[in-house]
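S.K.: One predicted model, sequence on top.
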There are 2 protein chains.
Amino acid sequence: MKIGIDAYIDRCISIRKDERTYFHSLLAERKVKKKEFLLKAGEICDWEAFVTEGCLRVFYMDENGSEVNLMFATEDWWISDLGSKIDQRPAELYIQALEDCSILIIKNKNKEELYARVPAFERLFRQLLERALSALQHRFVTTLAQSAEQRYEDFLKRYPDLPKRIAQHHIAAYLGITPEFLSKIRRRRVQG
Amino acid sequence: MKIGIDAYIDRCISIRKDERTYFHSLLAERKVKKKEFLLKAGEICDWEAFVTEGCLRVFYMDENGSEVNLMFATEDWWISDLGSKIDQRPAELYIQALEDCSILIIKNKNKEELYARVPAFERLFRQLLERALSALQHRFVTTLAQSAEQRYEDFLKRYPDLPKRIAQHHIAAYLGITPEFLSKIRRRRVQG
DNA sequence: CGCGACGTTGATTTGCCTCAACGATTGTGG
DNA sequence: CCACAATCGTTGAGGCAAATCAACGTCGCG
């Protein structure tokens, strides 16, 4: 049997049939209904998840209750709270479904075992992390250097399909601005 | 021979003596004078460097010439432009010495060979990347959620020794604010 | 010694936020 | 299937955090 995640794996590394079977045995499928939380701040996160269907958001909430969206995860994205996962301390992030989702969950313990038994996966995730870090570095410096309007333009260019799936105010929380201000940016764009 | 980087390695993985010797053979020592650039935007970055002495900054410069400091790297930090390194495209970051520095450079080709011959290093860097990504995620969301004054407090708490080594205006560029505004924050702090 | 880089201060401006109000859309229970 | 509530996007008035611009004293370095 070949499932959705295999195409993703094959793009990066090559593994034997028995290794793939073993890998599959470590994954647990799970459905997440729209608005349901996969993780809440304060919980311990002992897993990572691969999105096969749907869309989730990873966000931070400050003491006043205002939210910042760290990322949107659609098909083929991995999600977790890394800080919580690494040191087994309370999560500082929330993960919530924006649509009905299908995900594959791998527990820490199984992932460690996977690394030991099939070292190619250590390579896969090392490369994944390099790209994720590089992308976040880019986002960080441009967020500090550019205006909200420029950031919105960049967002549309980089993720042209997301606005169809995601509410406006979530995009605002991704850009680090209020929904009201995003609305005003959008008006300026169409008018001139 | 045991050099500075070994203590760092030993904290994460255990390797044999011959593996350590081999690892050393892949490193090239280099001195970087204060204000000298190790990398400029537009160049191709085909290496990573480990700081054994001194302090450098990694920064982004936008089209208007204003700078954002992505990180300060002191003893035991790794630095590179990951985006450029991964895809061999022009760097978008600058790396510049803030003090006279000693660094150890490992070229991409050698690093790939190292991963193949001593898989423990792939584990080392995978873990390093996980921590770096988690830390930057934290910094990103708190930067968007908090005021400049709160960010400055957090910076002082997390890096109490850095202000002694680094000019004020570089800290401002790290926080994403102007030197003038950091000066005003500091006045408010001491006065009340 | 003299110059340039640095930190500070003040006046003014601006990008974005807050709060409040309003239609439009969505969703939901009866 | 409808009625109503809740959520969402928009608009405007006013406010605040931080930027900009300009001026000045100090320090370190050539």
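M.R.: Structure received. Residues are numbered from 1 along each chain as shown, chains lettered A, B, ... in the order given.
S.K.: Neighbours of residue A:143, how many?
M.R.: Other residues lying near residue A:143 total 19 when counted by other Cβ atoms under 10 Å in any protein chain shown. In this view, the C-beta of every residue, glycine as well, is placed from N, C-alpha and C.
S.K.: same question, residue A:62
M.R.: 14.
S.K.: Skip the chain neighbours and tell me the closest residue to it.
M.R.: residue B:145 (4.3 Å; Cβ to Cβ, 6 or more residues apart in numbering or on different chains).
S.K.: The one you found contacts residue A:66, doesn't it?
M.R.: Yes. With contacts counted by Cβ atoms under 8 Å, residue B:145 reaches residue A:66, the gap being 6.6 Å.
S.K.: more crowded one of those two?
M.R.: A count of neighbours by other Cβ under 10 Å puts residue B:145 above the other of residue B:145 and residue A:66, at 18 against 12.
S.K.: Show the contacting residues for that one.
M.R.: A:60, A:62, A:66, A:68 (Cβ atoms under 8 Å, 6 or more residues apart in numbering or on different chains).
S.K.: Redo these as a markdown table? Include distance to residue B:44 and secondary structure.
M.R.: Below are the contacts of residue B:145 laid out as a markdown table (distance: Cβ to Cβ, whole Å; DSSP: H, G, I helix; E, B strand; the rest coil):
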| residue | distance to residue B:44 | secondary structure |
| --- | --- | --- |
| A:60 | 35 | strand |
| A:62 | 40 | coil |
| A:66 | 41 | coil |
| A:68 | 34 | strand |
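S.K.: What is the most widely separated pair among the residues you listed?
M.R.: Using Cβ to Cβ, the contacts of residue B:145 span at most 9.5 Å, a distance reached by A:60 and A:66.
S.K.: Distance of residue A:180 relative to residue A:168?
M.R.: 10 Å (Cβ to Cβ, to the nearest Å).
S.K.: circling back: mind putting the contacts of residue B:145 in JSON lines, distance to residue A:35 and pLDDT included?
M.R.: Formatted as JSON lines, the contacts of residue B:145 follow (distance: Cβ to Cβ, whole Å; pLDDT from 0 to 100):
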{"residue": "A:60", "distance to residue A:35": "18", "pLDDT": "98"}
{"residue": "A:62", "distance to residue A:35": "21", "pLDDT": "94"}
{"residue": "A:66", "distance to residue A:35": "19", "pLDDT": "95"}
{"residue": "A:68", "distance to residue A:35": "19", "pLDDT": "98"}
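S.K.: could I get those residues as JSON lines with distance to DNA strand C?
M.R.: Formatted as JSON lines, those follow (distance: Cβ to the nearest atom of the strand, whole Å):
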{"residue": "A:60", "distance to DNA strand C": "15"}
{"residue": "A:62", "distance to DNA strand C": "10"}
{"residue": "A:66", "distance to DNA strand C": "7"}
{"residue": "A:68", "distance to DNA strand C": "10"}
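S.K.: What residues does chain A have near chain B?
M.R.: Neighbours of chain B within chain A, by Cβ under 8 Å from any Cβ of the partner chain: A:59-60, A:62, A:66, A:68, A:70, A:82-83, A:86, A:92-93, A:115, A:119, A:122-123, A:125-127, A:129-146, A:176.
S.K.: How about the contacts made by the residue positioned nearest the centre of chain A?
M.R.: Residue closest to the average C-alpha location in chain A (Cα atoms, centre = their mean): residue A:73, at 3.8 Å. By Cβ under 8 Å, 6+ apart, the contact set of residue A:73 is A:51, A:55, A:56, A:57, A:58, A:79.
S.K.: dump the residue contacts of the fourth one.
M.R.: Same thing as residue A:57. A:69, A:71, A:72, A:73, A:95, A:96, A:98, A:170.
S.K.: Could you double-check that the last one lies in contact with residue A:98?
M.R.: Same thing as residue A:170. Yes. If you go by Cβ under 8 Å, residue A:170 and residue A:98 touch, sitting 7.0 Å apart.
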